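S.K.: need a structure here:
(chains A and B)
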Protein chains: 2
Amino acid sequence: MRVCAIAGGVGSARLCAGLARVMDRRDLTMIVNTGDDERIRGLHVSPDIDTVLYHLADLTDWQRGWGLAEESFVAHERYQSLVEKLPGGKDDLQDWFALGDRDLATHLLRGRLLDLGRPLGEVTQALAEAFGIESTVLPMSDDPVRTVLTTTEGERLDFQTYFVRRHHTDDLSNIEYTGAEQSTPAHGVIEAIQGAEVVIIPPSNPVLSVAPILAVPGVEKAITRSAAIRAAVSPIVGGRALKGPADRVLSALGHDVSPVGVARIYKGLIDVLVLDAVDEQHAPDIEALEMRPVVLDTIMTGPEEAARLAKDILDAVA
Amino acid sequence: MRVCAIAGGVGSARLCAGLARVMDRRDLTMIVNTGDDERIRGLHVSPDIDTVLYHLADLTDWQRGWGLAEESFVAHERYQSLVEKLPGGKDDLQDWFALGDRDLATHLLRGRLLDLGRPLGEVTQALAEAFGIESTVLPMSDDPVRTVLTTTEGERLDFQTYFVRRHHTDDLSNIEYTGAEQSTPAHGVIEAIQGAEVVIIPPSNPVLSVAPILAVPGVEKAITRSAAIRAAVSPIVGGRALKGPADRVLSALGHDVSPVGVARIYKGLIDVLVLDAVDEQHAPDIEALEMRPVVLDTIMTGPEEAARLAKDILDAVA
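M.R.: This is a model prediction of the structure:
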């Protein structure tokens, strides 16, 4: 079965790692959000792509959710100590963004391959192969699309400043995907959606992690027109986000903080909404939106649970 | 006494470290070669500047001559292992250029400061301050000037490919300093030369390390017109280069591999040539070139020897 996942942050990476365990992984393609990409200390860092790579390569710290499991921070500690001694402000020196020594190798290799003029899609696939990943990992676009957040105080923040530096504590009034209109999907993105038998939107933040992918011209239409069964997994369980600020962000933007709110966001795009057993009472409301509700245990505390959820989803939609 | 050093590679860094030990280090300015700068894995690496910084900060491995004394290579080893597994050739992935974990912090901070739009001169001075260096360290130019070498086989090589990757084994037929004509000296360079009481060209390769600095328009003229006492130290001792390929390069380009050959290259530019005691017999030939020969023990095996040579030079020219 050919599966295409529209992948955002940690929840996506977890479910994709699960999928790779229960299907022929060569039939799995992940289209990954690059709206969170950021230039960090001269390097192009793609947090969502790397989270997917590290999960698929089984090298991640499953609980922490980012970076590599066995990691040291020699370069980062030295960086911080240099920054401390630097004259002038250290306000814009990004010392709040930790890059591990092993993780740095990924960014350095990406940096070299980009320097050689290769597009991000080709670079990402090369990295995936270097990590021994047999599935296909594609950025949503080779072009720069950036998620820019406006706070209720009127400040405009790039994603990493909002998420890592300020620990997603700001109240948001608006979210933009700058550059999206001028972007084109990376090579293979549309083909992967068109060729899929199942399209899955894993439990990721609909507006911060999934929407940037859908904002790339052609992607949403390809999903809408796809003959595949299209399923999303609610990232809201029992009225709260499993991880990250999805609950507060959805609420701030006027959405219901429930699987029903999630279903409304994806209306027209998906056929199936997977919701957690604790939210079973919402199933009729989802049916009323002309979607099929599938009630499962959606909590992925480890690779086994992720594999079980992946299998349950594939069984339910097959 | 205000001293300005025209600094190339390791020999220069050693003598500068010596100078900083025997004079008011706030009166010392180093104008450093950036012809060897290279984009390595997306980062701007300035090998000669870093060698000077690490020597001045007393953090270098004096024998190895490059990098930091207590260093680990976690990121580099991971980089090499990713490169091994990468599909296609690894010919252009620069895995022959090792970047230590602590050393990486320097390149990452330089990368961030350059990303913020600051010129290389300002960035270099900020790095020097972060390393606790009280002397002034300036790149020869903020503009990209690159030393390009043509081999007798007709290949054109960037400096790091020639020096690090191929261990300077190629025979050279030509050396260019691309971009030099369009470049301007970094802020403070001309002023440092004009304000100096002593200008020193340390024992560095005259054509590979010093000539790129002189190729920046205005630098050579400022030295020629300077009222300072101008002294160079021969990097050729007993008919051989103390370090690196200076002997073979000078010979290939038709220069005498002796302090006399060095003196001829610098004729018109310097008043004093410091030569090693083993080369004392060349002193009359140097006098004949209208320079004052100063015979000293020029071998710097450690910081103490460098300080002694620095003091001997300052005493001799004062």
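
S.K.: ok, which stretches of the stretch 101-250 of chain A are helices?
M.R.: Using DSSP state H, counting those that start in this stretch, the helices found in the stretch 101-250 of chain A span residues A:101-115, A:120-130, A:159-160, A:189-195, A:211-215, A:219-225, A:246-252.

S.K.: Out of these, the one nearest B:L309 is which?
M.R.: helix A:101-115 (37.8 Å; CB to CB). For the C-beta atoms, the positions are set from N, CA and C on the backbone; glycine is no exception.

S.K.: anything in that closest one near chain B?
M.R.: Yes: Helix A:101-115 lies within reach of chain B by CB under 8 Å from any CB of the partner chain, at A:101-102, A:104-112, A:114-115.

S.K.: For the residues you listed, which entry has the maximal number of neighbours?
M.R.: A:L104 (29 neighbours; other CB atoms under 10 Å in any protein chain shown).

S.K.: That residue against B:H76, yeah?
M.R.: No: A:L104 lies out of contact with B:H76 (CB atoms under 8 Å); the separation is 9.3 Å.

S.K.: Can you get me a residue count around the closest residue to A:A57 other than its chain neighbours?
M.R.: Distances taken as CB to CB, 6 or more residues apart in numbering or on different chains put A:F131 closest to A:A57, at 4.0 Å, once the chain neighbours are dropped. A:F131 has 19 neighbours, counted by other CB under 10 Å.

S.K.: Now do the end-to-end distance for stretch A:288-306.
M.R.: With CA to CA, to the nearest Å applied, stretch A:288-306 spans 29 Å between its terminal residues.

S.K.: Kindly report the same for stretch A:86-102.
M.R.: For stretch A:86-102, the end-to-end distance is 26 Å (CA to CA).

S.K.: How about stretch A:34-44?
M.R.: 11 Å.

S.K.: got it, and stretch A:158-176?
M.R.: End-to-end for stretch A:158-176, by CA to CA: 10 Å.

S.K.: Which positions in that stretch come out as buried?
M.R.: A:158-164, A:168, A:170, A:172, A:175 (16 or more other CB atoms under 10 Å in any protein chain shown).

S.K.: ok, and the closest non-adjacent residue to A:N174?
M.R.: Nearest non-adjacent residue to A:N174 (CB to CB, 6+ apart): A:T150, at 4.0 Å.

S.K.: What's opposite that neighbour in the beta bridge?
M.R.: With DSSP bridges as the criterion, A:T150 is bridged to A:R156, A:N174.

S.K.: For it, give me its contacts.
M.R.: Each residue near A:T150 by CB atoms under 8 Å, 6 or more residues apart in numbering or on different chains is listed here: A:156-157, A:172-176.

S.K.: again, only using 10 Å
M.R.: Going by CB atoms under 10 Å, 6 or more residues apart in numbering or on different chains, A:T150 touches A:156-157, A:170, A:172-176.

S.K.: go on, A:V123?
M.R.: A:44, A:46, A:49, A:109-114, A:116, A:139, A:142.

S.K.: Mind putting those residues into a markdown table with distance to A:E84?
M.R.: Shown next, in a markdown table, are the contacts of A:V123 (distance: CB to CB, whole Å):
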| residue | distance to A:E84 |
| --- | --- |
| A:H44 | 26 |
| A:S46 | 28 |
| A:I49 | 31 |
| A:L109 | 29 |
| A:R110 | 28 |
| A:G111 | 25 |
| A:R112 | 29 |
| A:L113 | 33 |
| A:L114 | 30 |
| A:L116 | 35 |
| A:P139 | 35 |
| A:D142 | 37 |
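
S.K.: Between these, which sits nearest chain B?
M.R.: Closest approach to chain B among the contacts of A:V123 (CB to the nearest CB): A:G111, at 2.1 Å.

S.K.: Would you map the strands across the stretch 201-318 of chain A?
M.R.: Counting by DSSP state E, counting those that start in this stretch, the stretch 201-318 of chain A has strands at residues A:229-233, A:236-237, A:240-241, A:272-276, A:292-296.

S.K.: And those strands, which one averages the lowest pLDDT?
M.R.: Of all these, the segment with the smallest mean pLDDT is strand A:240-241, scoring a mean of 94.

S.K.: what does that one rub up against?
M.R.: Applying CB under 10 Å, 6+ apart, the set of residues contacting strand A:240-241 is A:11, A:203, A:205, A:235, A:246-250, A:257.

S.K.: any idea which of those residues is the one closest to chain B?
M.R.: For the contacts of strand A:240-241, the nearest to chain B is A:G11 (26.2 Å; CB to the nearest CB).

S.K.: Let me see the contact set for the closest residue to the closest one other than its chain neighbours.
M.R.: Spatial nearest neighbour of A:G11, excluding adjacent residues (CB to CB, 6+ apart): A:P203 at 4.0 Å. Listed by CB under 10 Å, 6+ apart, the contact partners of A:P203 are A:8-12, A:14-15, A:209-210, A:232-237, A:241-243, A:246, A:262, A:274-276, A:298-300, A:309.

S.K.: Any of the residues you listed buried? List them.
M.R.: Members of the contacts of A:P203 classed as buried by 16+ other CB under 10 Å are A:8-12, A:14-15, A:209-210, A:232-237, A:241-243, A:246, A:262, A:274-276, A:298, A:300, A:309.

S.K.: Give me every residue in the stretch 151-300 of chain A lying close to chain B.
M.R.: Within the stretch 151-300 of chain A, no position is adjacent to chain B by CB under 10 Å from any CB of the partner chain.

S.K.: Contact partners for A:P259?
M.R.: A:232-237, A:239, A:273-276, A:279-283, A:285-286, A:293, A:295, A:298.

S.K.: How much space separates it from B:D24?
M.R.: 72 Å (CB to CB, to the nearest Å).

S.K.: do the same with A:P293
M.R.: From A:P293 to B:D24 the distance is 78 Å (CB to CB).

S.K.: Same check on A:V272?
M.R.: 76 Å.

S.K.: The two - which one has more neighbours?
M.R.: Counted by other CB under 10 Å, A:V272 and B:D24 do not tie: A:V272 has more neighbours, with 19 against 12.

S.K.: For the residue nearest to that one when sequence neighbours are not counted, name its beta-bridge partners.
M.R.: Distances taken as CB to CB, 6+ apart put A:A231 closest to A:V272, at 3.8 Å, once the chain neighbours are dropped. For A:A231, the beta-bridge partners are A:I200, A:V272 (DSSP bridges).

S.K.: returning to that earlier point: tell me which two of the buried residues of stretch A:158-176 sit farthest apart.
M.R.: Applying CB to CB across the buried residues of stretch A:158-176, the maximum distance is between A:V164 and A:I175, 16.9 Å.
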